[in-house]
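1. sequence plus the predicted model coming up.
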Amino acid sequence: MIEMTIDSIRVSLMNYQRVVILKEKDTERYLPIWIGAAEADAIAVKLQSFSVPRPLTHDLLQSVIDVLGSTVDSVIVSDLKNDTFYARIILNVDGGQVEVDSRPSDALALAVRAEVPIYTEEVVLDKAGIFLDKETGKPISGGGKVASAEGDSEEISEEEKKKLSAFYDFINTLDLDDFDKRKS
């Protein structure tokens, strides 16, 4: 598993959908995940320390976990199948750990509230992770290969290229000059 941070939440100029950009903690590899507007707002509210008059859904979930005597240990973006990301929330319960299936957006919204690590399985980064060209800020496609953090690469199929093209198209519409300017 690879530790990630939330780099930013962006809005596509093409379709106004939200995407959360995760960044690998120790490299310049990014993982864009499309999320709903409500979940994007829930993540942004907490990251920006914005006060809301009533608890949001993810605040409620965190409160329920606390009241039951459990804690959130971490969240994991665990898989990518048929263009759908999967996640798991790892809870500490009665001296053991319990894994709960989740959408990545909900897991991330809970992670920022619980202030716990975010991880991604290597296979997910191999399928959907991108590196950015340092000069142009554009995604590096690798000529039909997905590069890993170790520098080796793996062939990807034409079908996978088509599926990932939406991410590349979206990333190409972003203004990447402010990637280093985290909004907090």
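-> The structure has been received and is ready for your questions. No experiment lies behind these values; they were computed from the predicted model shown.

2. can you tell me the distance between the two ends of stretch 21-41?
-> 14 Å (CA to CA, to the nearest Å).

3. what residue lies at the spatial centre of the protein?
-> residue 22 (4.3 Å; CA atoms, centre = their mean).

4. please enumerate the helices of this structure.
-> Taking DSSP state H to define them, one finds helices in the chain at 37-47, 57-67, 104-114, 122-128, 158-173.

5. mind putting those helices in TSV, mean pLDDT, distance to residue 78 and mean neighbour count included?
-> The C-beta positions use only the backbone N, C-alpha and C, and glycine is treated the same way. Formatted as TSV, the helices of the chain follow (pLDDT from 0 to 100; distance: least, CB to CB, whole Å; neighbours: other CB atoms under 10 Å):
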stretch	mean pLDDT	distance to residue 78	mean neighbour count
helix 37-47	94	17	19
helix 57-67	95	19	15
helix 104-114	97	9	25
helix 122-128	95	7	19
helix 158-173	61	18	14
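
6. and of these, who's closest to residue 90?
-> helix 104-114 (9.6 Å; CB to CB).

7. roughly how far apart are residue 85 and residue 34?
-> Per CB to CB, to the nearest Å, residue 85 is found 8 Å from residue 34.

8. now residue 101. Nearest residue, chain neighbours left out?
-> Here the nearest residue to residue 101 in space, its sequence neighbours aside, is residue 88; by CB to CB, 6 or more residues apart in numbering that works out to 6.3 Å.

9. I figured the one you found hits residue 79, correct?
-> No: contact between residue 88 and residue 79 fails when scored by CB atoms under 8 Å: they sit 9.1 Å apart.

10. which one's more surrounded, these two?
-> Using other CB atoms under 10 Å as the criterion, residue 88 and residue 79 rank with residue 88 on top: 20 against 16.
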